[in-house]
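Undergrad: Sequence first, then the predicted structure, then my questions.
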Amino acid sequence: MRDTIKFDVGYIDGDGIGPEVMPLVRTLVDEAIALHCEQDTHIHWHPLLLGEQAAKAGDGEWFPQETISALRTLSVALKGPMSSAIGGGFRSLNIALREELDLFCNMRVIKSLHGLPSPLKDANSIDLVVFRECSEDSFASIELGAGSPDAQRIIDVLEQELGYFRLRFVDDCALAIKNCSREATHRLVKHAIEYAISHRREKVTLVHKSNAWQLTEGQFQRWALEYLQENYALHSDAQDHRYTLTTPEHQLVVEHMMLDHVMQRMAQQPQQFDVLVCNNLAGDLLADLATSLVGGVGIVPSVNCNAQMALFEPSHGPFRRIAGTGLANPCASVWAAVLMLQHLNLHKPAQALWHALSTVINAHGELFQLNTRDSLNQGVSTERIIATISEALN
């Protein structure tokens, strides 16, 4: 009799197209495990409510603490797209989740596939990962409204105590605080470097905007290099701002580059990038730019994580205009499930599901017209795409 291996995983179907797509994706995951695990292995799926589904099922609460507690216990979840704005004090559920669970890292895996559209003449061989710090920087939600007492108090401190008189229109001025800390920088770099080493990546690019923000972006760059120097054998080549990081198992090139230069090169030769490590705003911009080169947000997965927890999800939103039509493209959610299986060390089913997904995309371009403005006209059902991937699994 074979031993049974069970994984406890949460799932959140999400909003919009999520409840149509996610149950089908979970069925695909179960099928891949059943076909490609030698031992008796299965996932015990735990339903969790968040967003509209939670509000409908309960007393109108979009962000139930029962779900947050369950996520902390389970530590792994497959999540559908969420509403971007819900009121009640949250700008978005995704930001609220990151803040509540300290999911300081957003990881976007971006890879070109033959069947996907691209504005580039040569989009082949794009294979990069963006690590974005999510707890600090411009997205830290530290904003003060124009004309508010708090904004005026900060302006008074800037002028009267710090001698800063460069704000020109102080009577009607909104403020936001951009923060950057050593600890947040170190833990992000640690996460990214460990990923790069374990996945046999070749290069890590530290992205910064130090020409504009020397004391924050410049410090991010210096703290990142500080962490690497303290924890690895790091040898510098001062001529081209590159370093060689060496471990007993692997060797990496580490470079630091201005955000301006990264964006220019990303739009022309994205193949030169491998792993990018960024502060919050830069990571958001670069991930979206790179994603647009390989089919757009309709195809690319996203991971919000820390050292203990990982939520796997599509990078797109709820696509409400096509919700209920049965025409949602499920591929970003399927790809997120591949990453989840890899995270659980279920490498054979992960490889099989990835092979099935990429084979279907390569062979069936008519299934993957990813422009959601035309989704209602292309007539390709979610169930058909899932069934085609399922056939490729066997």
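TA: Received, thanks. Numbers count the residues shown, from 1 in each chain.
Undergrad: contacting residues for the nearest residue to residue 297 once chain neighbours are set aside?
TA: Of all residues not flanking residue 297 in the chain, residue 316 sits nearest, at 4.1 Å (Cβ to Cβ, 6 or more residues apart in numbering). The way it works is simple: take the backbone N, C-alpha and C, and place the C-beta from them, glycine included. Remark: with contacts taken as Cβ atoms under 8 Å, 6 or more residues apart in numbering, residue 316 is in contact with 81, 297, 298, 332.
Undergrad: what's the spacing between the closest residue to residue 54 other than its chain neighbours and residue 213?
TA: If the residues on either side of it in the chain are set aside, residue 54 comes closest to residue 64, at 5.3 Å by Cβ to Cβ, 6+ apart. Computed as Cβ to Cβ, to the nearest Å, the residue 64 to residue 213 distance reads 38 Å.
Undergrad: can you check residue 338 too?
TA: Applying Cβ to Cβ to residue 338 and residue 213 gives a distance of 37 Å.
Undergrad: With residue 273 instead?
TA: 22 Å.
Undergrad: With neighbour numbers in mind, choose between those two.
TA: Shown here are residue 273 and residue 213; by other Cβ atoms under 10 Å, residue 273 has more neighbours (24 against 16).
Undergrad: where does the closest residue to that one other than its chain neighbours fall, phi/psi-wise?
TA: Spatially, and ignoring its direct neighbours in sequence, residue 273 is nearest to residue 128 (4.7 Å; Cβ to Cβ, 6+ apart). Geometry field for residue 128 lists phi and psi as phi -140, psi 160, criterion degrees, to the nearest 10.
Undergrad: Might one say that residue 128 is in contact with residue 277?
TA: No: using Cβ atoms under 8 Å, residue 128 is not in contact with residue 277, being 11.6 Å away.
Undergrad: So between the two, which is more surrounded?
TA: Shown here are residue 128 and residue 277; by other Cβ under 10 Å, residue 277 has more neighbours (29 against 25).
Undergrad: Which of the helices or strands spans the more buried one?
TA: strand 275-278 (DSSP states H and E).
Undergrad: In the sheet, which strands lie alongside that strand, parallel or antiparallel?
TA: Strand pairing for strand 275-278, using DSSP bridges, gives strand 127-133 (parallel), strand 203-208 (parallel).
Undergrad: Can you lay out these as TSV showing distance to residue 245?
TA: Output for these, formatted as TSV (distance: least, Cβ to Cβ, whole Å):
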stretch	distance to residue 245
strand 127-133	15
strand 203-208	8
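Undergrad: With mean pLDDT and distance to residue 351 as extra columns, can I get those strands in CSV?
TA: Formatted as CSV, these follow (pLDDT from 0 to 100; distance: least, Cβ to Cβ, whole Å):
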stretch, mean pLDDT, distance to residue 351
strand 127-133, 97, 16
strand 203-208, 97, 24
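Undergrad: circling back: send the alpha carbons of the helix or strand that comes right after the strand holding residue 277 over as PDB?
TA: Going down the chain from strand 275-278, the next helix or strand is helix 280-292, by DSSP H and E. Extracted in PDB, the C-alpha atoms of helix 280-292 (Å, rounded to 0.1, in the frame of the first residue of the first chain):
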ATOM      1  CA  ASN A 280       7.800  49.200  -5.500                       C
ATOM      2  CA  LEU A 281       7.100  51.700  -8.200                       C
ATOM      3  CA  ALA A 282       9.900  50.700 -10.500                       C
ATOM      4  CA  GLY A 283       8.900  47.000 -10.200                       C
ATOM      5  CA  ASP A 284       5.300  47.900 -11.000                       C
ATOM      6  CA  LEU A 285       6.300  49.800 -14.100                       C
ATOM      7  CA  LEU A 286       8.800  47.200 -15.300                       C
ATOM      8  CA  ALA A 287       6.600  44.200 -14.700                       C
ATOM      9  CA  ASP A 288       3.800  45.800 -16.800                       C
ATOM     10  CA  LEU A 289       6.200  46.800 -19.500                       C
ATOM     11  CA  ALA A 290       7.700  43.400 -19.800                       C
ATOM     12  CA  THR A 291       4.300  41.700 -19.600                       C
ATOM     13  CA  SER A 292       3.100  43.700 -22.600                       C
END
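Undergrad: ok, which stretches of the stretch 101-250 of the chain are strands?
TA: 105-111, 127-133, 143-144, 175-176, 203-208, 233-237, 242-246 (DSSP state E, counting those that start in this stretch).
Undergrad: what would these look like in TSV with distance to residue 305?
TA: Formatted as TSV, the strands of the stretch 101-250 of the chain follow (distance: least, Cβ to Cβ, whole Å):
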stretch	distance to residue 305
strand 105-111	5
strand 127-133	10
strand 143-144	26
strand 175-176	26
strand 203-208	18
strand 233-237	25
strand 242-246	22
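Undergrad: residue ranges with poor pLDDT in the stretch 151-300 of the chain?
TA: Low-confidence segments of the stretch 151-300 of the chain (pLDDT under 70): 238-240.
Undergrad: With adjacent residues omitted, what lies nearest to residue 75?
TA: residue 309 (4.7 Å).
Undergrad: Kindly list the longest helix within the protein.
TA: Assignment by DSSP state H gives helix 18-36 as the longest helix of the chain.
Undergrad: Give the pairing partners of the following helix or strand past that one; include direction for each.
TA: Next along the chain after helix 18-36, taking DSSP H and E as the criterion, comes strand 40-47. Strand 40-47 pairs in its sheet with strand 4-12 (parallel), by DSSP bridges.
Undergrad: got the angle between the strand it pairs with and helix 18-36?
TA: 170 degrees (axes from the mean of the first three to the mean of the last three Cα atoms, to 10 degrees).
Undergrad: Now do strand 4-12, average pLDDT.
TA: For strand 4-12, the mean pLDDT works out to 94.
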